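Student: coordinates for the following, if possible.
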Amino acid sequence: MCDGTRVLGLGNIGPEAALPVMEGKSVLFKVLGNINAIPLCISTQDKEDIVRFVKAIEPCFGAINIEDIESPKVFDIIKRLRDELSIPVFHDDQHGTAVITLAALINSLKIVDKKIDKIKAVISGAGSAGYGIFRILKEAGCKDIVVTDSKGAIYEGRKDLITINSQNLDKQEIARNSNSNKLIGSLEEVIRKADVFIGVSGKAGLVTEGMVQSMNHNAIVFPLSNPDPEILPSDALKAGARIVGTGRSDYPNQVNNAVVFPSVLRALLDTRVKELDEKMLVTASYAIASLVEKTHLREDYIIPKVNDPRILPLVTDTLKKAIESNPKDIPKPDKIK
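Tutor: Numbering: from 1, shown residues only. Model (predicted):
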């Protein structure tokens with residue numbers, strides 16, 4: 001379900017323009033997850049209208065996938081729907097992107113021989129994708145994370161984040177749990193001496209070759225904004241990056257959430273749980289990363305292809321086992337549909 005306010009890297013293009021993207025997602029759900037999906041693009045951007053609409057159609061569906069709704073509005077919508085619906089509510093932009101990004105990072109770190117708890121990771125973009133990536137990296141053991149938005153580094157005490165309101169609760173969580181060195185300033189300043197850069201800002205050309213050169217040796221650079229990344233992969237490699245991932249299909253290492261979202265939603269439907277926590281999402285990331293065997297792992301092949309037939313059975317089985325091992329922590333539907 002989509003309101004057209006944050007479609008890919010194109011922004012607020014409206015429900016009509018969003019429909020082809022949602023149709024494509026529906027095809028991927030069927031082909032990669034054996035899930036019958038219906039694209040719903042609605043002509044309202046009002047939060048309460050969206051919640052009412054989804055609640056009204058709940059009896060017809062086994063799950064709801066929220067897609068391409070602007071943040072921070074989408075976080076309130078997700079919370080409301082999870083509290084008020086009896087079926088799973090999945091947020092691909094947040095959770096799908098997070099899982100595949102961590103999977104790509106796990107294998108990249110093997111190549112450069114670095115440990116996740118020893119790296120400095122910089123995330124550009126604090127919307128749905130950036131927030132989800134921050135949370136999964138934290139759960140995976142990354143201790144030095146700096147997230148930036150249009151105002152620069154997010155840190156505890158930043159003036160615009162001091163006032164508690166529903167518009168910045170996600171950024172306040174980021175501020176409390178990241179940037180332990182209290183770095184301030186622009187992305188250009190905080191990316192220095194970073195081991196990993198992850199771009200989900202939607203801002204083309206945000207990163208220069210000089211910024212990549214200021215990173216640590218064997219830098220891992222994931223400019224994931226689509227269709228126009230923060231830096232072209234070819235420019236990042238020319239600047240000295242060891243490994244580059246991208247959101248685009250015309251370069252190697254496409255960090256594509258289509259690898260993830262069909263199998264994760266399939267697992268939710270099969271187990272009839274309403275949501276997954278970050279610990280379970282981390283297990284999904286490691287499962288996906290394991291599909292690239294050590295003998296095949298290289299700088300231009302860090303994650304499996306989206307049509308790899310091993311993904312669906314492995315990820316669903318991994319998540320089912322994780323759910324079964326922690327049943328008390330997982331919210332189940334109140335009734336059977």
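Student: low-scoring stretches of the chain, by residue?
Tutor: Residue ranges of the chain with pLDDT under 70: 9, 164-167, 327-337.
Student: spatially central residue in it, please.
Tutor: residue 97 (2.6 Å; Cα atoms, centre = their mean).
Student: how much space separates that residue from residue 182?
Tutor: 27 Å (Cβ to Cβ, to the nearest Å). C-beta coordinates here come from the backbone N, C-alpha and C atoms, glycine included.
Student: and for residue 321?
Tutor: From residue 321 to residue 182 the distance is 40 Å (Cβ to Cβ).
Student: these two: who's more crowded?
Tutor: residue 321 (14 against 10; other Cβ atoms under 10 Å).
Student: quick one: residue 233 and residue 251 touch, right?
Tutor: Yes. Proximity of residue 233 to residue 251 meets the contact threshold set by Cβ atoms under 8 Å, at 4.6 Å.
Student: buried ones in stretch 75-84?
Tutor: 75, 76, 77, 78, 80, 81, 82 (16 or more other Cβ atoms under 10 Å).
Student: could you point out which element follows the biggest helix by length in the chain?
Tutor: Across the chain, the longest stretch assigned as helix under DSSP state H is helix 14-33. Once helix 14-33 ends, the next helix or strand along the chain (criterion: DSSP states H and E) is helix 47-57.
Student: now that next one, how far from the centre of its chain.
Tutor: In terms of Cα atoms, centre = their mean, to the nearest Å, the gap separating the centre of helix 47-57 from the centre of its chain is 24 Å.
Student: repeat that for stretch 152-165.
Tutor: 22 Å.
Student: what lies in contact with it?
Tutor: By Cβ atoms under 8 Å, 6 or more residues apart in numbering, the residues outside stretch 152-165 that reach it are 126, 146-148, 151, 168, 171-172, 174-176, 178-179, 182-187, 189-190.
Student: the closest residue in space to residue 143 that isn't next to it in sequence: neighbouring residues, count only.
Tutor: Closest residue to residue 143 apart from its sequence neighbours, by Cβ to Cβ, 6 or more residues apart in numbering: residue 117 at 5.5 Å. Using other Cβ under 10 Å, residue 117 has 10 neighbouring residues.
Student: dump the residue contacts of residue 117.
Tutor: Contacts of residue 117 by Cβ under 8 Å, 6+ apart are 141, 142, 143.
Student: reformat those residues as a markdown table; add distance to residue 21.
Tutor: Shown next, in a markdown table, are the contacts of residue 117 (distance: Cβ to Cβ, whole Å):
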| residue | distance to residue 21 |
| --- | --- |
| 141 | 34 |
| 142 | 30 |
| 143 | 36 |
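Student: nearest to residue 303, of these?
Tutor: Distance to residue 303 across the contacts of residue 117 (Cβ to Cβ) is lowest for residue 142, with 18.1 Å.
Student: related to what we said a few turns ago, which ones among the buried residues of stretch 75-84 map onto strands?
Tutor: The members of the buried residues of stretch 75-84 all map outside strands under DSSP state E.
Student: what's the nearest residue to residue 291 if we skip its chain neighbours?
Tutor: Using Cβ to Cβ, 6+ apart, the nearest residue to residue 291 is residue 304, at 4.3 Å.
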